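Novice: Have a look; sequence and predicted model below, questions after that.
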Amino acid sequence: RFSHLTAVTVEGKRLRLRACFKARARERVTAVPRRTAERTMGTAMNPDQAIATIKAAGDDFQSLYQAIKGSTFLDSMPGDYRQQFRAAKAKLKQIHLAAKKKAEEDAKKGISKKDYDVDKYWPQVSESWEGLRWRLKSMPGGATKKPEVFYELYAFHKQATEGDNSEEQPVWAETGGLDFEGRSRWEAWNQTKGMSQEVAKKKFVALYFEMDPKANLYNDNRVKE
């Protein structure tokens, strides 16, 4: 009888140990996916990061669409996060409607927009754009200014290569008069604040090829597509 009880006790301990080992094994198996999910959630559900991504998209439709698509959780958050998210959705709709209207107008004029290969054209045009034969406009005090397209290109180029404008706004030129050129460059760059470098490159390349050469250049010596 004693031997029988001892055997039963040993067998019971063995079964309990086996059950314990199995439980721990299950915990280890589920722990990794759980931690991975928590890390992913921490990134995807970060409201400040989501807002920063939306702002970095600027008014580029595709980039803004992707940023909004990945930030839908903001709509369930009260306060400023929700307001900024809904403002971004309204902005996306406006961009879409404006682009649709512009496309219809361009189609009537026989103009077609393209998706440019930024990786292909950026190295070519980013080094040569400033040396184009830009038209000049006379300003008070003998100063001159280039067309507005020049300053838009300048802004996108600076944003793509250096990021947000952190320079002091210029006021006076070396000649003693107002620095029209410096201020125009500074103001244009400052308007792209928060735009991602990827979007800035895309906008630069598109504007380079789509600007009106007759209105902005003495002769069209741009890189050809």
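Specialist: Perfect, thanks for sending it.
Novice: From now on I want contacts and neighbour counts done on CA atoms only, so please keep to that.
Specialist: Fine.
Novice: which stretches of the chain form helices?
Specialist: Secondary structure of the chain by DSSP state H: the helices cover 2-44, 47-56, 61-69, 80-109, 118-125, 148-162, 180-190, 197-210, 213-216.
Novice: Show me what counts as buried in the fifth one.
Specialist: This means helix 118-125. By neighbour count on 16 or more other C-alpha atoms under 10 Å, the buried set for helix 118-125 is 118, 121, 122, 125.
Novice: Please look at the first one and residue 205 and confirm they touch.
Specialist: Okay, so that is residue 118. Yes - using C-alpha atoms under 8 Å, residue 118 is in contact with residue 205, at 6.5 Å.
Novice: got any residues that touch both of those two?
Specialist: Here residue 118 and residue 205 have no joint contacts, going by C-alpha atoms under 8 Å, 6 or more residues apart in numbering.
Novice: Look up how far residue 70 lies from the nearest residue to residue 158 once chain neighbours are set aside.
Specialist: Spatially, and ignoring its direct neighbours in sequence, residue 158 is nearest to residue 189 (6.8 Å; C-alpha to C-alpha, 6 or more residues apart in numbering). Distance, residue 189 to residue 70, by C-alpha to C-alpha, to the nearest Å: 28 Å.
Novice: of those two, who's got more company?
Specialist: residue 189 (24 against 15; other C-alpha atoms under 10 Å).
Novice: tally of neighbours for residue 133?
Specialist: Neighbour count of residue 133, defined by other C-alpha under 10 Å: 15.
Novice: Please disregard the earlier target; I meant residue 168.
Specialist: A count of neighbours around residue 168, defined by other C-alpha under 10 Å, yields 8.
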